[in-house]
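Enquirer: this one's sequence-less:
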Ligand SMILES: Nc1ncnc2c1ncn2[C@@H]1O[C@H](COP(=O)(O)OP(=O)(O)OP(=O)(O)O)[C@@H](O)[C@H]1O
Ligand code: SF4
Ligand SMILES: [Mg+2]
């Protein structure tokens with residue numbers, strides 16, 4: 001069975017998460033639709049505040065106290081997460097999904113030895129006795145490449161480096177063999193070398209265990225190297241999703257194109273390529289009430305964009321776009337094999353991305369996008 005044939009492990013349709021505001025609820029996630037299939041790696045990418053973390057937390061319905069979550073469908077292996085009793089929800093959290101966050105301190109108890117924290121998870125979530133849990137915790141420490149596990153078992157979090165703490169957090173998250181590991185920017189707080197080690201560890205664990213991975217990153221290079229598919233988030237919506245090669249080769253949504261253009265480049269075809277950030281700011285929570293949230297920053301914006309229904313439309317197999325303007329253009333002038341189509345956005349020039357993709361990304365023509373993100 002290929003990844004594409006696998007049934008969805010996690011599925012969200014029209015996921016909305018709102019907070020109480022001074023004059024009524026304000027939406028932080030406004031209609032996210034995505035799915036993670038068994039064994040695959042789905043990348044979630046987008047600017048700060050786009051709703052990535054809240055979307056991740058919906059996999060276990062672990063949201064801030066004041067948040068209200070609704071969805072047309074929120075399910076895990078076909079089971080409705082919104083219908084789970086408290087006990088069933090606890091069981092789902094313990095068995096099915098492991099979470100790793102940017103800051104491992106947020107999930108480690110500073111007053112408890114790290115080995116005991118892994119063992120405690122195994123006792124509570126897997127019902128192991130003390131001795132079996134200790135033995136398994138030591139094995140987990142070896143699995144995540146923590147050298148001298150006997151000695152490190154007794155260390156407190158503050159006695160370990162950031163990278164080691166993240167390995168402990170990963171050991172806790174995967175200790176009960178979850179079907180899905182959610183890693184929310186797991187390397188952002190680490191130096192470049194440690195980042196690469198942690199990503200390699202996640203990749204290896206995924207291959208060895210067969211678990212699926214939902215990986216959040218700001219870095220399209222990381223997404224390109226690690227993921228099978230990607231979902232691009234903006235302003236509380238998934239604006240584009242698809243196989244990572246397809247999205248990178250032929251990004252459709254103007255925001256995805258801008259995001260790829262904003263990757264700092266060193267050089268391309270022997271020439272220096274100047275990159276800029278994306279002009280303007282992403283919308284704050286509750287700022288965009290109707291239509292496309294990218295309107296204020298989009299060079300292709302039309303009056304109709306302020307009232308469009310933000311729905312993903314499939315443009316090619318598995319590749320969907322929420323921008324009707326560029327979808328129409330792509331349908332009118334599809335990128336064909338051998339057509340590099342790259343009239344506007346130069347190759348990303350990011351060694352990690354290009355090495356992973358071995359492509360220069362191509363943009364569908366006939367939509368005016370050549371003026372999109374000129375420096
Ligand atoms: N407890 C909360 N109360 C009010 N608003 C919140 C709360 N938690 C998150 N938000 C808002 O919801 C929006 C989405 O937050 P989220 O943390 O999911 O963004 P993100 O994409 O993960 O950003 P980052 O890349 O900075 O982690 C943001 O505007 C954020 O300010
Ligand atoms: S063209 Fe319109 S709908 Fe498409 S991204 Fe720009 S503002 Fe949004
Ligand atoms: Mg976040």
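Expert: Structure's in. What do you need? The model shown is predicted, which means the values in this text are computed figures rather than measured ones. Ligands and ions are numbered 1, 2, ... in the order given.
Enquirer: just the helices in the stretch 151-300 of the chain please.
Expert: Assigned by DSSP state H, counting those that start in this stretch, the helices in the stretch 151-300 of the chain fall at 162-174, 192-209, 220-226, 244-249, 254-261.
Enquirer: so for the last one, what's the average pLDDT?
Expert: Per-residue pLDDT values across helix 254-261 average out to 92.
Enquirer: As JSON lines, the helices of the stretch 151-300 of the chain with mean neighbour count would be great.
Expert: Every C-beta, even on glycine, is put in place using the N, C-alpha and C of the backbone. Shown next, in JSON lines, are those (neighbours: other C-beta atoms under 10 Å):
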{"stretch": "helix 162-174", "mean neighbour count": "24"}
{"stretch": "helix 192-209", "mean neighbour count": "16"}
{"stretch": "helix 220-226", "mean neighbour count": "24"}
{"stretch": "helix 244-249", "mean neighbour count": "22"}
{"stretch": "helix 254-261", "mean neighbour count": "25"}
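Enquirer: nearest to residue 52, of those helices?
Expert: Set against residue 52 and scored by C-beta to C-beta, those come closest in helix 220-226, at 11.8 Å.
Enquirer: Does that closest one reach ligand 1?
Expert: No - using C-beta under 6 Å from any ligand atom, helix 220-226 stays clear of ligand 1, coming no nearer than 13.6 Å.
Enquirer: what packs against that helix?
Expert: Identification of packing neighbours for helix 220-226 by 3 or more C-beta pairs under 8 Å, 6 or more residues apart in numbering; DSSP states H and E yields strand 41-45, helix 192-209, strand 212-217, helix 244-249, helix 351-357.
Enquirer: circling back to that earlier point, can you lay out the helices of the stretch 151-300 of the chain as TSV showing distance to residue 328?
Expert: Output for the helices of the stretch 151-300 of the chain, formatted as TSV (distance: least, C-beta to C-beta, whole Å):
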stretch	distance to residue 328
helix 162-174	43
helix 192-209	37
helix 220-226	25
helix 244-249	18
helix 254-261	13
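Enquirer: could those go into TSV alongside distance to ligand 3?
Expert: Output for the helices of the stretch 151-300 of the chain, formatted as TSV (distance: least, C-beta to the ion, whole Å):
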stretch	distance to ligand 3
helix 162-174	16
helix 192-209	17
helix 220-226	15
helix 244-249	20
helix 254-261	16
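Enquirer: so where is the stretch 201-350 of the chain shaky, pLDDT-wise?
Expert: Applying pLDDT under 70 to the stretch 201-350 of the chain flags residues 263-276, 288, 334-350.
Enquirer: mind listing what the residue in it positioned nearest to ligand 3 touches?
Expert: Of all residues in the stretch 201-350 of the chain, the one sitting closest to ligand 3 is residue 216 (6.5 Å; C-beta to the ion). Residue 216 is in contact with 43-45, 52-53, 56, 182-185, counting by C-beta atoms under 8 Å, 6 or more residues apart in numbering.
Enquirer: domains in the protein, as residue ranges please.
Expert: 7-96+179-375, 104-177 (automatic domain parsing).
Enquirer: Can you see whether stretch 50-59 contacts ligand 3, counting any residue in it?
Expert: Yes - Stretch 50-59 lies within reach of ligand 3 by C-beta under 5 Å from the ion, at 52-53.
Enquirer: re earlier: tell me the buried residues within the contacts of residue 216.
Expert: Buried residues within those, counting neighbours by 16 or more other C-beta atoms under 10 Å: 43-45, 52-53, 56, 182-185.
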